[in-house]
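Enquirer: the following block contains a protein sequence and its predicted model.
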Amino acid sequence: MTAAADVVATTLKQSPLKGFHQEHGAKMVGYAGWEMPLLYTGSGIIEEHRHCRAAVGFFDVSHMGRIRFTGRHARRFLDHICTRQVLGMSKGQVRYSLVCNERGGCLDDVLVYCLDEDQYLMVCNASNRAKLNAHFAAVKGDMVFKMDDQTESTAMVAVQGPKAMEVVGAMSREIPTLKRYRFAEKNLLVMKLLVSRTGYTGEDGVEIILGAGMAKAALNMFLKQGKGADQLVKPCGLGSRDSLRLEAGMPLYGHEIDEETDPLCAGLGFAVKLDKGSDDERAGNFIGQPALQAIAARGVSKKLVGLVLEGRRAGRQGMRVLKGGQPTGVVTSGCLSPTLDTSIAMAYVAPGDATVGTALEVEFAPGKVTSATVVPLPFYKPAA
């Protein structure tokens, strides 16, 4: 490593599991201010992707933000900033939500965990953590609560795949009985773990949050629990995590959602309670609610769709989508699907061109287009 590379590396935040990654030959890259594994030597993105679909993938996601809210107005504040209703959540429940600006644009998509009455945890995207902390301070007003950014004092990992519960079940018989978007707090010897049945791959599995100082010891103990766990579980990097979430039709901030894009256009209306406050005024209105109500009334300006492209070239973010040679939208994400062995992409197109089966084109370069067809999202669903 050069001296210049040394300087760059030292400016990036380090995962508590950096030693694990080095031992397993990870190729480390800078991502959202963190040094994280892109892939592992001897496997690679495609092999890691397919292993997660067939067995169990282990992902370090410690770069994700983890912010705890406690106090008298914690729930009220979260209902003020989140599009999904927090009022009425029960202990052990997780809800996917958006945080919007006044125009209805997405500041981030988040998971909200109800730890107890007036105690909540929010998991946000690494790239938006500082922005959200500043936003929350700016809109707090006179509400009384404590906000504690625990990102750097904790670690977070994801165990994903059709055989994930075989491995997790060796640690706890309770965890495999959890429903989707539920969590439990467990003790593993002297270590306290928060284990949620959530993930970002389209597969079954869990995400685990624990203290940074015990992360490596807990991981080693966890991976040695089940019979054959070392064969079932393969460490996977950010590269395969991205292709897995794309196959599952899951939005990525900076691609499918951003501050200029509202969640209704992104097909995330299920996570927006447009009448929040009308059924129970204790929930109040959320920031951006009037703007989203207006968008819903007049109709969205664009729609997020899935595309299957002819050939094996992958569409890339920013490529124009055409219909009959005329622009109708833009690609947000694309790859050659390792599972489907087909070129897939997500794109925004005009609402009139979003019907499944519509024939479109993707422009790879001026005058060079490839035929594409609108298909349902997600591209991939695990076997029942």
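Expert: That came through fine.
Enquirer: where exactly do the helices run in the stretch 101-250 of the chain?
Expert: Taking DSSP state H, counting those that start in this stretch to define them, one finds helices in the stretch 101-250 of the chain at 129-139, 164-168, 215-223, 229-232, 238-247.
Enquirer: turn those helices into TSV, columns for mean neighbour count.
Expert: The C-beta positions use only the backbone N, C-alpha and C, and glycine is treated the same way. Conversion of the helices of the stretch 101-250 of the chain to TSV gives the following (neighbours: other CB atoms under 10 Å):
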stretch	mean neighbour count
helix 129-139	15
helix 164-168	23
helix 215-223	18
helix 229-232	14
helix 238-247	24
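Enquirer: worst average pLDDT in the ones you listed?
Expert: Mean pLDDT is lowest for helix 229-232 among those, at a mean of 68.
Enquirer: how near is the closest residue to L189 other than its chain neighbours to A170?
Expert: Using CB to CB, 6 or more residues apart in numbering and skipping residues adjacent in sequence, the residue nearest L189 is M221, 7.6 Å away. The spacing between M221 and A170, counted by CB to CB, to the nearest Å, is 10 Å.
Enquirer: then R84?
Expert: Taken as CB to CB, the span from R84 to A170 is 33 Å.
Enquirer: higher neighbour count, the two?
Expert: The neighbour comparison of R84 against A170 (other CB atoms under 10 Å) goes to R84, with 20 against 16.
Enquirer: and that one, how close does it get to V99?
Expert: For R84 relative to V99 (CB to CB), the value is 10 Å.
Enquirer: sorry, back to before: can the helices of the stretch 101-250 of the chain go into TSV with extra columns for distance to V369?
Expert: Shown next, in TSV, are these (distance: least, CB to CB, whole Å):
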stretch	distance to V369
helix 129-139	37
helix 164-168	41
helix 215-223	47
helix 229-232	43
helix 238-247	21
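Enquirer: where does the prediction get shaky in the stretch 201-350 of the chain?
Expert: Within the stretch 201-350 of the chain, the stretches with pLDDT under 70 are 222-230.
Enquirer: swap in 90 and give it another go.
Expert: Along the stretch 201-350 of the chain, the model assigns pLDDT under 90 to residues 214-232, 278-280, 283-284.
Enquirer: which among the helices of the stretch 101-250 of the chain is found nearest to Q93?
Expert: helix 164-168 (19.1 Å; CB to CB).
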